[in-house]
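Participant: Pasting the sequence and the predicted model now:
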Protein chains: 2
Amino acid sequence: MSKLTDVPKRILIGRALRSDRLGETLLPKRIALPVFASDPLSSVAYAPGEVLLVLSIAGVSAYQYSPWIALAVVVLMFTVVASYRQNVHAYPSGGGDYEVANTNLGPKAGLTVASALLVDYVLTVAVSISSGVENLGSAVHFVIEHKVLSATVMILLLTLMNLRGVKESGKLFAIPTYVFVAAVFVMIGWGAWKGIVLGETLTAPTADLEIKPEQQGLAGFAMVFLLLRAFSSGCAALTGVEAISNGVPAFRKPKSKNAASTLAYMGGLAVTMFCGIIGLAMASDVRMAENPAEDLLANGVPVGPEYIQNPVISQVAEAVFGDGSFLFILLAAATALVLFLAANTAYNGFPLLGSILAQDRYLPRQLHTRGDRLAFSNGIVLLAGAAILLVWVYDADSTKLIQLYIVGVFVSFTLSQIGMVRHWNRHLKTEREVAARRRMHRSRAINAFGAFFTGMVLVIVLATKFTHGAWVALLGMLIFYGTMSAIRKHYDRVSAEIAAAEGPSDDSVRPSRVHSIVLVSKVHKPTLRALAFAKLTRSDTLEALSISVDPAETKALREEWDRRGINVPLKILDSPYREITRPVVEYVKGLRSENPRDAVSVYIPEYVVGRWYEHLLHNQSALRLKGRLLFTPGVMVTSVPYQLESSELAKRRAKKRQDWNAPGAVRRGPVDTPRPPRPPKEPTPKG
Amino acid sequence: MSKLTDVPKRILIGRALRSDRLGETLLPKRIALPVFASDPLSSVAYAPGEVLLVLSIAGVSAYQYSPWIALAVVVLMFTVVASYRQNVHAYPSGGGDYEVANTNLGPKAGLTVASALLVDYVLTVAVSISSGVENLGSAVHFVIEHKVLSATVMILLLTLMNLRGVKESGKLFAIPTYVFVAAVFVMIGWGAWKGIVLGETLTAPTADLEIKPEQQGLAGFAMVFLLLRAFSSGCAALTGVEAISNGVPAFRKPKSKNAASTLAYMGGLAVTMFCGIIGLAMASDVRMAENPAEDLLANGVPVGPEYIQNPVISQVAEAVFGDGSFLFILLAAATALVLFLAANTAYNGFPLLGSILAQDRYLPRQLHTRGDRLAFSNGIVLLAGAAILLVWVYDADSTKLIQLYIVGVFVSFTLSQIGMVRHWNRHLKTEREVAARRRMHRSRAINAFGAFFTGMVLVIVLATKFTHGAWVALLGMLIFYGTMSAIRKHYDRVSAEIAAAEGPSDDSVRPSRVHSIVLVSKVHKPTLRALAFAKLTRSDTLEALSISVDPAETKALREEWDRRGINVPLKILDSPYREITRPVVEYVKGLRSENPRDAVSVYIPEYVVGRWYEHLLHNQSALRLKGRLLFTPGVMVTSVPYQLESSELAKRRAKKRQDWNAPGAVRRGPVDTPRPPRPPKEPTPKG
């Protein structure tokens, strides 16, 4: 266990784990829950408020519907959880929705899910950070007054942390998350006690405000539409549920079973907190409006633009604990912290998904490498950039950002549930054993209902939020989808181009002999080493080649060559224009055209240096020459390195980089359980 | 000869010469003069004005001294020309002042001259363009109203031209320069005729303005100081004289003699025009002030900030030809054009000097390559950037910029003249033949006087202009000097580090056997080609190495390997973290430590692609791997290229780049006369 005193440090740096020790860190449920659930749990910090906000459009009277909306969210939550319990059993490999869709519905669906998730990650960062800032703001005013700035700083901080490759340790998540959950439950319990048992009346700070309804006396379709919109805002509570299904490999054995029950706990906690907060909000007469400046009236007059509308959770906390009380501050802090952790999860999910996509060649191949710093940095920077952009465009207003949210989530929900139905159908074809068949039928029923329900929600979300910003999310998905399929196309084209024909070793160029050429400028150690190596790998002919750019230098070279009695013929080409590349390339081409069936091997002595500016001072001509030579078929280029003293520096840097730890390794689980091959359309082993 | 109709096109594009046809283009005197003298000749467009400007500080009465100052400038000009006539005889190789100083006074002096010249080139661009804009402005008003903008645009235009590698053809220079010279002489002649013979009075547009002296009744030292300042401003007329001594190789035979006489013509023309313009200015009562807004009074009241002070040359032209007359416009246009050409000469001189400095390892080695586009572009961009900076800082005001000018010129004048004295001393030690000795004595006397005079001017310039901006020029020189000597130090350190000890081929690593490893990811054409090549260069052991990042892929690979019966052992390393680099590097290190006296040769199949973004999609891991491998001694890395179809594109691009022509080739002369080796402190062959 960790000393509590470490926590602050841990929160900033995380505990450094050598990645090869990752195998030891399998997560028990009590740790896995906070690690994976910080995102869905934290969403209760804003979801309830969004419901009230939307309802307020029809005036305070509409608040009466909020319990029904809460109920709908609860049902949805149970459905989704039940469905994903099937997923984790069927796909224990951690591929998540992408894998499910890809395997059962084919690459297009898979790619759609992937795009949706990528957009979703960006929004998770934007929404969580903004909401976190708002919650912090209810306690610390400076933050709320410089909202965009604070949000940006937070994002940059997270980015830095993750770029440096700090590793979340399970406990880093456990402590704030549990504190948050506990605080919320205490609040609900105490509130209930006060209200019901002691019969006190709770009064939120906004209780005495009136709401000027934007639409008077809504009814019929309009009202239904409004309720649906409120509902789809409430659905924000479900974001991040799929996180667990991505993380199965990280669980202790029996992995799937533990993951499934963790899902259940998470769902239970989330809905309880969600309903509790709605309930308290109703009891304490919280008043929220979509644009408070005009629509909130303090004894008849609008409160005006400088009025700051605190999140519902902090308002009820104030009603229950009293403003500025210890518990109030604690809850605000815990809420903010959990929201920042939720944002951090995106930093882990994004590159992880990226590496899976790279494995399927939708992204540059090198992103595939796990814990490749470069690869991850790219992903992280992209994520942060997009999130910051959103924060600036929507001035870090969680309410506005939530309009974009959820679309992605429910796209992946729906597709993965449909995929699961397909999955069971396929297995039912083969499965004969009765008990198993019954289980499958049950699972299929659950997933089918899940698919239907989530699909319906998706439609609702699109219908009610498209103009409010959902279109932005869709656009983002489109962009990701386009780019990734283009990359895949490119890779496919290339691999078709380079596919080897049948029959043993049929290389188009089957050279018979090889001429070796060692490039020489002066007689110094690098040259001598290159010569030694060239001699070592025996070729049919070997000669040294030097370009004469300065007659004097050339003369000196020739003399030293003879003096040292180097037993390799030295050929000198004149280059009146002091060019290096052209003469060499033309000489090599000449050799090739004389005897086309031979190969030419060019040895270039290369300086290995340590400082960036030294690269400008060395090897430039060599590099360019190499670049040009590679265009000529039947030529290979050998770099014979000579390590200058300064290269030690770079060596050390490289070492450091090697010990770097990729973020999110904990939730990816140990690596000795690699993902099984997933040829699309092919049944996968049952979990 | 060129049709006149081509001129506009030619002025923009120049005539494209394939550089290998350069040998044909030796310059006859009548072409060489304009090519090299556009800079010094054009300076008469601003030098006379500067003299009057400074004098005006002491009130219009001080104008009476201007003839004396003109005289001083004439004497100086003759001295410098006479001295440089010695240079071109002694150093026909075109090294110019840098070579002279470097050879006779040692590297430090040489580097100082080089820095001075580099700064000078930057200022040539800034001053000439600004002055050109001012002259154009006297005819086209828009230009003068957007001075900085127009100047910047002009610089960018020149930069573009030179980056595209257009080649000045001699005639491109000849026509405008001769037009300019002719026009000026016509003006002087006609003015004299009108004034002296017809007895008309010439009146400049500013004739009826009064000058409010900034210092009343200057006398004694103050007056002397002022006159010296005026004189050193007049010295701007001498800038660019050294150009010819850089260009000797470009002359027709007898090169030195022709160069010398061209120098003489240039000097003669320059001083005549200079004096003529001063004379006309006096006759037509031109009035100029350092800050016209306050110090120029139109019937008692200051003319105010919106008054635009036209250059002296355009004022006298107006007095002689009449405003808006054809000849007036022609002269204005020719003046501007010549000034732009003068700026263009810096674009040729800068990279040329750069390549000479690179040869002496003061600059990155690759700049040495003649006509290497990359190298030149760097130089050109640097030059343009610095010039634009100056133009913005000094809002394209030639008067302000001239304060920075000249310092550099006279630093190199002085040092090269001192160098020449040393040169003759050395030769006098050896020379016995009487006639020759007499010639040498005469030359030495001339150079000695030159050194003394130019040195004195340098002191005057520094004394009178330091605070006015000369310090900026000195700072620039310091920066160049520091950078270049640092680079030289680095190269020296490295070449000491890699110097081969005596005795035949003493490479520290003398490997006895070589193990070859072919990196394999899949069995496709690139791999097969790599295998074929690896087999071809016979090594002691050969094995294929594959990193298993995905068990399924690995299994498939293994199967195909066996199926195809590839007769090379396939070794597979597990990489749980899906890393490529680390396992390979560690495996290679392992081989090395098992048998340290052996070398390891790693074959990497490399994709050759054509589009920039394809580089992001291929070879990334290969490149990084190579980078890491090169740090391990005793390892060589062979890239076996496989040309994808798209590589054709890049091939074509490279071809295009190859046919690129370096700017300034004309003045560098044909390349079959390479510069002789110049070991410092060593006597050079007499011209």
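Facilitator: Alright, I've got the coordinates. Note that this is a predicted model, so its numbers are computed, not measured.

Participant: Show the pLDDT at residue A:642.
Facilitator: Residue A:642 is assigned a predicted lDDT (pLDDT) of 87.

Participant: which SSE is it in?
Facilitator: Secondary structure from DSSP states H and E places residue A:642 in strand A:635-643.

Participant: ok, now residue A:542?
Facilitator: Using DSSP H and E, residue A:542 falls in strand A:541-548.

Participant: Is chain B within reach of the next helix or strand after the strand holding residue A:642?
Facilitator: Counting by DSSP H and E, the next helix or strand C-terminal to strand A:635-643 is helix A:647-658. Yes - Helix A:647-658 reaches chain B (CB under 8 Å from any CB of the partner chain) through A:647, A:650-651, A:654, A:658. From N, CA and C alone the C-beta is placed, and that goes for glycine too.

Participant: could I have helix A:647-658 exported to PDB, CA atoms only?
Facilitator: Extracted C-alpha coordinates of helix A:647-658, given in PDB (Å, rounded to 0.1, in the frame of the first residue of the first chain):
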ATOM      1  CA  SER A 647      28.000  10.100 -29.900                       C
ATOM      2  CA  GLU A 648      28.100   8.900 -26.300                       C
ATOM      3  CA  LEU A 649      25.700  11.700 -25.500                       C
ATOM      4  CA  ALA A 650      23.100  10.400 -28.000                       C
ATOM      5  CA  LYS A 651      23.600   6.900 -26.800                       C
ATOM      6  CA  ARG A 652      22.700   7.900 -23.300                       C
ATOM      7  CA  ARG A 653      19.700   9.800 -24.500                       C
ATOM      8  CA  ALA A 654      18.600   6.800 -26.500                       C
ATOM      9  CA  LYS A 655      18.900   4.600 -23.300                       C
ATOM     10  CA  LYS A 656      16.800   7.100 -21.400                       C
ATOM     11  CA  ARG A 657      14.200   7.000 -24.000                       C
ATOM     12  CA  GLN A 658      14.100   3.300 -24.000                       C
END
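
Participant: Could I get the average pLDDT for that helix?
Facilitator: The pLDDT scores in helix A:647-658 average 74.

Participant: Repeat that for stretch A:489-507.
Facilitator: What stretch A:489-507 shows for mean pLDDT is 75.

Participant: and what of stretch A:578-594?
Facilitator: What stretch A:578-594 shows for mean pLDDT is 85.

Participant: Ok, stretch A:177-192 next?
Facilitator: 92.

Participant: starting at the chain centroid, how far to stretch A:118-131?
Facilitator: For stretch A:118-131, the distance from its own C-alpha centre to the chain's C-alpha centre is 11 Å (CA atoms, centre = their mean, to the nearest Å).

Participant: In that stretch, which residues are buried?
Facilitator: A:118-131 (16 or more other CB atoms under 10 Å in any protein chain shown).

Participant: So which residues of the stretch 151-300 of chain A form strands?
Facilitator: Secondary structure of the stretch 151-300 of chain A by DSSP state E, counting those that start in this stretch: the strands cover A:209-211, A:296-298.

Participant: Quick check: which of these is buried the most?
Facilitator: strand A:209-211 (a mean of 20; mean count of other CB atoms under 10 Å in any protein chain shown).

Participant: outside of it, which residues touch it?
Facilitator: Strand A:209-211 is touched from outside by A:56, A:59-60, A:287, A:289, A:295-298, A:300, A:303, with contacts defined as CB atoms under 8 Å, 6 or more residues apart in numbering or on different chains.

Participant: The residue nearest the centre of chain A is in what secondary structure piece?
Facilitator: Taking CA atoms, centre = their mean, the centroid of chain A lies closest to residue A:350, which sits 0.7 Å from it. Element membership for residue A:350, per DSSP H and E: helix A:326-359.
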